[in-house]
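Q: Sequence first, then the predicted structure, then my questions.
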Amino acid sequence: MSEVDTAGWTRKDLIGLEDLSRREIELILDTAPQFVEISKRESGIKKVPLLQGRLVVNWFFEPSTRTRASFELAAKRLSADTLAMSASTSSSTKGETLHDTLANIEAMHSDIVVIRHGHAGAARMLAERHSSQIINAGDGYHEHPTQGLLDAYTIREHVRKARRDPEAGLDGVRVAIIGDISYSRVARSNIWGLTKLGARVVVCGPSTLMPPGIEHMGCEATTDLREALSQADVVYVLRIQLERQQKALLPTLREYIRLFRVDRESLKAAPPHAIVMHPGPINRDIELASDVADGSRSVVLEQVSNGVAVRMAIMHLLVNSGKGWQKTED
Amino acid sequence: MNASNSSQSPATVVMNEESVAEAIRRMAREIAAAHPSMDGVVLLGILRRGRPLADRLAAELERVTGYRPKVGTLATSLYRDDVRAGVRAAKAGGATHFDFNVTGVTVILVDDVIMAGRTARAAMDEVMDYGRPRRIQLACLVDRGARELPIQPDFCGGYCASDPQDHVSVLLTEVDGTDSVLLEQGDSPEPAPNNEDSESHE
């Protein structure tokens, strides 16, 4: 394990998987297993003292249950103090700028700031101007890097189990991402992350929800669900963002269900070993049939469990990497 | 960081294959003598080379007492004070794993080298987060001195007088393909930083 061991983390922030090298992504994935064990402790204390006395601020401008709870638990299981701020109850409703709000949080000596914002680039903008270590928890249609990392981790665990090879990576693993590709930051982070790890990604959805030039991200694209599923080791179903569908990009929901829903029938096109993933929250029986979501091939709850461990790994690497990033900044 | 890939002055062999085996046998005899009933004794090997050492001790204990204690793995990396203090970088590594309850039993921590004592302290904190052992003891193959904390091994395979800047490397067949303990003189005249066991826990 010496290669991974000697290669440390050097970044101040985690903004997107587009920025990261394969080695950096693997470092995060390889750091996570020890944190999986902590959450599974049956007796004793489900936390470790790695972030004792640090302050992690969760700053969410968009609704979130899973991601927010996951970050908060990850911070707490590292013994950090946490502070939750939501847009509706913060001074941003009074017109305060993001920069001013963050400067004030920093005046109270925060260490990590986890931010979710509706605008692409919000996390990077703050990271470049402030000394806080920023973790992007979703910025507009741009990226949701921690989701991409926990998905890659979950896939890798299944590949390792299936191949009975504890060192196996994602090289050659086929992942089909189904649904609203255009407006999905989850799709974008997954495409960057999985292709860097050597997986072969095919995206599939209605042509109105497929961004032009998506192939330049290193994946294939199709509008035929059965073709996308035909060789998939992983079927990754995206949420149809009903709240963003006022633009009438879908003729009707019924047509979407008929052509793109992953259900027992359409899943027959996939190999029998394929697993089914979804980032949540699920629109039951719209993009994913209930019996599949709750069935034996679904790993959606494993994704959630792994999410806490992967976020612990990220915070640990950001805070405890000897502050190497400070040397490269003025 | 093994002696095998180091470019420093030639290493002195402190223990060869035979003396490593003899040291493990002696430690097992001492552990057996201290615990007339091996029932209620478990071994936790500290990554990385403490784990194969614990397995060998367990096999030897079975030969001596007829009872093979349970063995688990302790990572300690999440409890190290040097990681939190920014002295040692956070990094990937193996995970703690054992499938027994530590409450009420005697836990013997097993490591290859003891120097500062900081690994043992981290290990104790970690074990206590899992439960309340009746007793915790420490077994090390080599004590190289230079303690920074008031911690001493209960069972020790051998003592190797060394300066903090020297490198003491324990090589084990399971990890390194051979059994030996090597001492290399360090070139730095000033005392080494607080990176205990850097030669054994990469």
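A: Alright, I've got the coordinates.
Q: quick one: A:Ser86 from chain B, how far?
A: According to Cβ to the nearest Cβ, to the nearest Å, A:Ser86 stands 30 Å off from chain B. To be clear about C-beta, it is placed using only N, CA and C from the backbone, and glycine gets the same treatment.
Q: Which residue, other than its chain neighbours, is closest to that residue?
A: A:Phe60 (5.3 Å; Cβ to Cβ, 6 or more residues apart in numbering or on different chains).
Q: which ones are touching the residue of the stretch 151-300 of chain A found nearest chain B?
A: In the stretch 151-300 of chain A, the residue that lies nearest chain B is A:Pro166 (10.9 Å; Cβ to the nearest Cβ). Applying Cβ atoms under 8 Å, 6 or more residues apart in numbering or on different chains to A:Pro166 gives the contacts A:Arg160.
Q: And the strands in chain A, which stretches?
A: Per DSSP state E, chain A carries strands over the ranges A:55-60, A:81-86, A:112-117, A:133-139, A:174-178, A:200-204, A:220-222, A:234-237, A:275-277.
Q: Which of the ones you listed comes out lowest on mean pLDDT?
A: Mean pLDDT values for the strands of chain A show the minimum at strand A:81-86, a mean of 92.
Q: Tell me which residues are up against that strand.
A: Under the criterion Cβ under 8 Å, 6+ apart, residues A:53-61, A:68, A:72, A:75-76, A:105, A:110 lie in contact with strand A:81-86.
Q: coming back round to it: as JSON lines, the strands of chain A with mean neighbour count would be great.
A: As requested, the strands of chain A are arranged in JSON lines below (neighbours: other Cβ atoms under 10 Å in any protein chain shown):
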{"stretch": "strand A:55-60", "mean neighbour count": "22"}
{"stretch": "strand A:81-86", "mean neighbour count": "16"}
{"stretch": "strand A:112-117", "mean neighbour count": "25"}
{"stretch": "strand A:133-139", "mean neighbour count": "26"}
{"stretch": "strand A:174-178", "mean neighbour count": "26"}
{"stretch": "strand A:200-204", "mean neighbour count": "23"}
{"stretch": "strand A:220-222", "mean neighbour count": "17"}
{"stretch": "strand A:234-237", "mean neighbour count": "26"}
{"stretch": "strand A:275-277", "mean neighbour count": "23"}
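Q: Among the ones you listed, single out whichever gets nearest to B:Leu149.
A: Ranking the strands of chain A by proximity to B:Leu149 (Cβ to Cβ) places strand A:81-86 first, at 27.7 Å.
Q: Show me what from the stretch 51-200 of chain A comes close to chain B.
A: Contact residues, the stretch 51-200 of chain A versus chain B (Cβ under 8 Å from any Cβ of the partner chain): A:Gln52.
Q: returning to that earlier point: what is the residue nearest to A:Ser86 paired to in the beta sheet?
A: Beta-bridge partners for A:Phe60, by DSSP bridges, are A:Ser86, A:Arg116.
Q: end to end, how far does stretch A:193-205 reach?
A: When the termini of stretch A:193-205 are compared using Cα to Cα, to the nearest Å, they are 20 Å apart.
Q: how distant is that stretch from the center of its chain?
A: Here stretch A:193-205 is found 14 Å from its chain centre; the criterion is Cα atoms, centre = their mean, to the nearest Å.
Q: Now do the contacts for residue 35.
A: Since you didn't name a chain, this refers to chain A. So A:Phe35 contacts A:77, A:308-310, A:312-313, A:316, B:78 (Cβ under 8 Å, 6+ apart).
Q: oops, chain B please
A: B:His35 touches B:41, B:106, counting by Cβ under 8 Å, 6+ apart.
Q: pretty sure B:Ala122 is in a helix, no?
A: Yes. Under DSSP: H, G, I helix; E, B strand; the rest coil, B:Ala122 falls within a helix.
Q: Ignoring the adjacent residues along the chain, who's closest to it?
A: Nearest non-adjacent residue to B:Ala122 (Cβ to Cβ, 6+ apart): B:Tyr79, at 3.9 Å.
Q: Over to that neighbour: give its phi and psi.
A: Main-chain torsions, B:Tyr79, degrees, to the nearest 10: phi -120, psi 10.
Q: Spit out the contact partners of it.
A: Counting by Cβ under 8 Å, 6+ apart, B:Tyr79 makes contact with A:48-49, B:122-123, B:125-126.
Q: In terms of distance to A:Arg297, which of those residues ranks first?
A: Of all the contacts of B:Tyr79, A:Arg297 sits closest to A:Val48, with 33.1 Å by Cβ to Cβ.
Q: what's the spacing between the closest one and A:Ala162?
A: A:Val48 is 30 Å from A:Ala162, where distance means Cβ to Cβ, to the nearest Å.
Q: Give the burial count for the residue lying closest to B:Leu78 once chain neighbours are set aside, as a bare number.
A: Nearest in space to B:Leu78, with sequence neighbours left out and distances taken as Cβ to Cβ, 6+ apart, is A:Val48 at 4.1 Å. Neighbour count of A:Val48, defined by other Cβ atoms under 10 Å in any protein chain shown: 23.
Q: In the chain, which residue is most central in space?
A: Going with chain A. In chain A, the centroid-proximal residue (Cα atoms, centre = their mean) is A:Gln147; its distance is 0.8 Å.
Q: The chain in question should be chain B.
A: Taking Cα atoms, centre = their mean, the centroid of chain B lies closest to B:Asp111, which sits 1.0 Å from it.
Q: Quick check: pLDDT value at residue 92.
A: Looking at chain A here, since you left the chain open. At A:Ser92, pLDDT is 69.
Q: Chain B was what I was after
A: 74.
Q: if I read this right, it contacts A:Leu27, doesn't it?
A: Yes. If you go by Cβ atoms under 8 Å, B:Ala92 and A:Leu27 touch, sitting 5.9 Å apart.
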